[in-house]
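Novice: kindly generate the corresponding structure for this input.
(chains A, B and C)
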Amino acid sequence: MDLTQITFYAIAILASVSALGVVASKDIVRAASFLIVALSMIAALFALLGSLFLSMVQLMIYGGAVIVVILFGVMLTRREEPKSRIRQLTRSENLAYLGFSVLLVLTLAFLEYRIGGLYLRPEGIPADSQAIGIVMYSQYRGVVIALAGLVATAGVGSIYLVKRKRGDSS
Amino acid sequence: MGLIAFLESSLVLRLLLVAAGVFIVASIGALIEIYIERKFWARIMSRLGPTEVGRYGTLQLFADAIKFVGKEDFTPVAADVPVYTLVPALSVAFSFVPLLVIPFDYTVASLFPQRFSPGDFVFSNFDPSLLVLLAFFALQPVLVLLGGWASGSKYTLIGGFRSAAQMISYEIPLVLSLLSVVVLTRTLNLQEMIAVQSNSLPFVLLDFPAFLLFLVAILAELERTPFDLTEADEELVSGWITEYGGTKFLLLYLASYLKAFAGAAILATLFFGGWLGPSPVPPLAWFFLKTIVIFTLFVWIRASYARVRVDQMLNLGWKYLVPLSVLWLLLTPFAASVFLGHGVLG
Amino acid sequence: MTLVQNVAILFFFAFAFVIGLLAEYIPNLLVRRRPTPEKLAPFESGEDPVGGARVRFKAHYYIFAVAFITFDIVAVLAIPWATSWNMVNWNPVLLLFVSMLIVVFYYSLKGDLEWV
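Specialist: The predicted structure follows:
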């Protein structure tokens, strides 16, 4: 049991507990706080896998922007408290999500034990920002161009949608 | 010596030593900053500032701290207790981590030159160190929103929204103006950025528009005047921190000065050369001096400018700073090529 | 060596967090808690509190958050370009930034980025 393994198990336990907290908390802002912890644990996993770049980008985008959007959305609207937590948790959609998650975990376990796991980045290849840039902008530049189109569409579309809803309600 | 062998063997102990050292240096920096804030600002306004406690009022902060710590620890009736209690501690933690990546000169290693190399005590020489700083500044709006919500008062909630909107509006110019400096050095490693500046002109001259953009953006992120509209004392009391009293307030106050120290330190590192300077003065002292001088500039700006309104602040951020920082980022490589050609840049 | 940096970041965070938590408990050692309704009520400049704390506010804040998230993604995608600009093709980054600027200009001309 070396340091890396201990760290991994600590992060995994914390991630699972916080994910459970997201689902099980009654107050929705507390659920969002648990979500922040869960996303930070993913950032910690990226760091453990050797890419601090991705870890910090995860914190910047998810912890800095996505959570802010979620919190703004949640705090700006009012919703009713569910009457019974158990009844809400056992609704058919939620059971379907649970079923799919179990299926996913079983598939990954199967891959791990029969084929030796999924392919990870081999050691020794530098993953600093310059190398990422070179690969991203020469080999994968089609992807980045597609992302640019997606960003423009998302930006225009989402602001348009929010404006229209606001126009309807006020 | 047994102590040195002990230090050599354990990484955790070295980390603890470095963390404690950085905390002490940053706290001393924060103390000096608060003193300058009160005295310098007062003098600009033709007042005297603190004069009673200690010689020339230097111990005023200690008196204030003792007063704050001695207050009753209360929790508002409508507050969300766990989040309310965690926010001040998290705020200190989030403000402290960026200090890890700012290159100080850990003079501990130079005390024992045979047994330790500087690399044993310096933990900031890794590639995406600038990103760590950006990430922890990007995490601030979440804290502000949760802090305003958890106090259970609708005025702190409004204050939290406005602060968060301000911080996210100026986050992009912050990132893009720092990226402009990254274009000049082509690395995200802060120590290498200082190394590049050691054989070229400081980046404040080579990259002056980025300096201006970053200055405005960091003032908005730190919620200092002219951008302190969320704690406009006549309107919203103290904004989102209103319901935090006693030690919690002290922790939030400390966190805001640690952030100011980190912001000024980044300005000093990226634009003025960090710890570089002529040799009789040790590098740590140069770094500290530059940071404090930049912080004095922040105080001077605070004392001289009026506060902007919320719509002026959002206009400035989205309609002026964002396009300007994008344009400058796209122009910087051309400037960099010119500089490289003339040998001005390392 | 990357593990050391990661541990260092976590360590600094934990260090400051623990110091903060410990500091928050100091007043409990010095002063006994004596909560009264006046002390615990939300601050409303001397008036009695009116209404709940969770009321509905203007949705305009949300537009800024959405705009921020899209532009933050663009800024993050530009970070690798900033370190390797002299070695790669610029087209993708230019497209990213141009699309971002178009969105900003379109909405500011339409009047949607005004503070209502």
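Novice: quick check: next helix or strand after the lowest-mean-pLDDT helix or strand in chain C?
Specialist: The weakest-scoring helix or strand in chain C, judged by mean pLDDT, DSSP states H and E, is helix C:37-40 (a mean of 66). Toward the C-terminal end, the helix or strand that comes next after helix C:37-40 (DSSP states H and E) is helix C:60-84.
Novice: tell me which residues in the helix or strand just after that following helix are buried?
Specialist: Next along the chain after helix C:60-84, taking DSSP H and E as the criterion, comes helix C:91-110. Across helix C:91-110, burial judged by 16 or more other Cβ atoms under 10 Å in any protein chain shown covers C:92-93, C:95-97, C:99-101, C:103-104, C:106-108. Yep, even glycine has a C-beta here, placed from its N, CA and C like the rest.
Novice: these: which ones sit near chain B?
Specialist: When contact is defined as Cβ under 8 Å from any Cβ of the partner chain, these meet chain B at C:F97, C:M100, C:L101, C:V104, C:S108.
Novice: tell me the contacts of B:Y35?
Specialist: Residues counted as contacts of B:Y35 (Cβ atoms under 8 Å, 6 or more residues apart in numbering or on different chains) are B:G57, B:T58, B:Q60, B:L61.
Novice: of those, closest to B:G277?
Specialist: B:T58 (26.1 Å; Cβ to Cβ).
Novice: that closest one: neighbour count?
Specialist: When neighbours are defined as other Cβ atoms under 10 Å in any protein chain shown, B:T58 has 15 of them.
Novice: next: A:F34.
Specialist: If you count neighbours by other Cβ under 10 Å, A:F34 ends up with 18.
Novice: relative to B:T247, how far out is C:L29?
Specialist: Going from C:L29 to B:T247 by Cβ to Cβ, to the nearest Å gives 11 Å.
Novice: I meant to write B:P141 there.
Specialist: Using Cβ to Cβ, we find B:P141 at a distance of 24 Å from B:T247.
Novice: against B:F298, how distant is B:D127?
Specialist: From B:D127 over to B:F298 (counting by Cβ to Cβ), the distance is 29 Å.
Novice: one more: A:A32?
Specialist: Distance from A:A32 to B:F298, by Cβ to Cβ: 33 Å.
Novice: B:A303 against B:R38, yeah?
Specialist: No - B:A303 sits out of contact with B:R38 when judged by Cβ atoms under 8 Å, with a separation of 11.0 Å.
Novice: so, low pLDDT: which residues of chain B?
Specialist: For chain B, the stretches flagged by pLDDT under 70 are B:1-10, B:105-125, B:225, B:230-238, B:279, B:344-346.
Novice: just to revisit the earlier point, can you redo the contacts of B:Y35 as JSON lines with distance to B:F136?
Specialist: Below are the contacts of B:Y35 laid out as JSON lines (distance: Cβ to Cβ, whole Å):
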{"residue": "B:G57", "distance to B:F136": "33"}
{"residue": "B:T58", "distance to B:F136": "31"}
{"residue": "B:Q60", "distance to B:F136": "30"}
{"residue": "B:L61", "distance to B:F136": "25"}
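Novice: so between C:L29 and B:T247, which is more surrounded?
Specialist: Taking other Cβ under 10 Å, C:L29 and B:T247 do not tie; B:T247 has more neighbours (23 against 9).
Novice: quick one: contacts for that one?
Specialist: Shown in contact with B:T247 (Cβ under 8 Å, 6+ apart): B:F68, B:V69, B:K71, B:D73, B:P88, C:A23, C:E24, C:I26, C:P27.
Novice: before we move on, what about C:F97?
Specialist: B:V326, B:L329, B:L330, C:V74, C:A78.
Novice: what of A:V74?
Specialist: A:I28, A:V29, A:A32.
Novice: dump those to CSV, plus distance to chain B, pLDDT and secondary structure.
Specialist: Formatted as CSV, the contacts of A:V74 follow (distance: Cβ to the nearest Cβ, whole Å; pLDDT from 0 to 100; DSSP: H, G, I helix; E, B strand; the rest coil):
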residue, distance to chain B, pLDDT, secondary structure
A:I28, 11, 83, helix
A:V29, 6, 86, helix
A:A32, 8, 90, helix
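Novice: tell me which of those residues is nearest to B:L48?
Specialist: A:V29 (45.1 Å).
Novice: hmm, B:W149 and that closest one touching each other?
Specialist: Yes - the criterion here is Cβ under 8 Å, and A:V29 meets it with B:W149 at 5.7 Å.
Novice: more neighbours: these two, which one.
Specialist: B:W149 (27 against 18).
Novice: where's the more buried one, which helix or strand?
Specialist: Per DSSP H and E: helix B:140-150 holds B:W149.
Novice: tell me, how many residues neighbour the residue of chain A found nearest chain C?
Specialist: Residue nearest to chain C within chain A (Cβ to the nearest Cβ): A:G133, separated by 3.1 Å. If you count neighbours by other Cβ under 10 Å, A:G133 ends up with 23.
Novice: ditto for the one 5 residues further on
Specialist: Residues within reach of A:S138, counting by other Cβ under 10 Å, total 13.
Novice: swap in B:R55?
Specialist: By the measure other Cβ under 10 Å, the count of residues near B:R55 is 7.
Novice: quick one, what contacts it?
Specialist: For B:R55, no contacting residues are found, by Cβ under 8 Å, 6+ apart.
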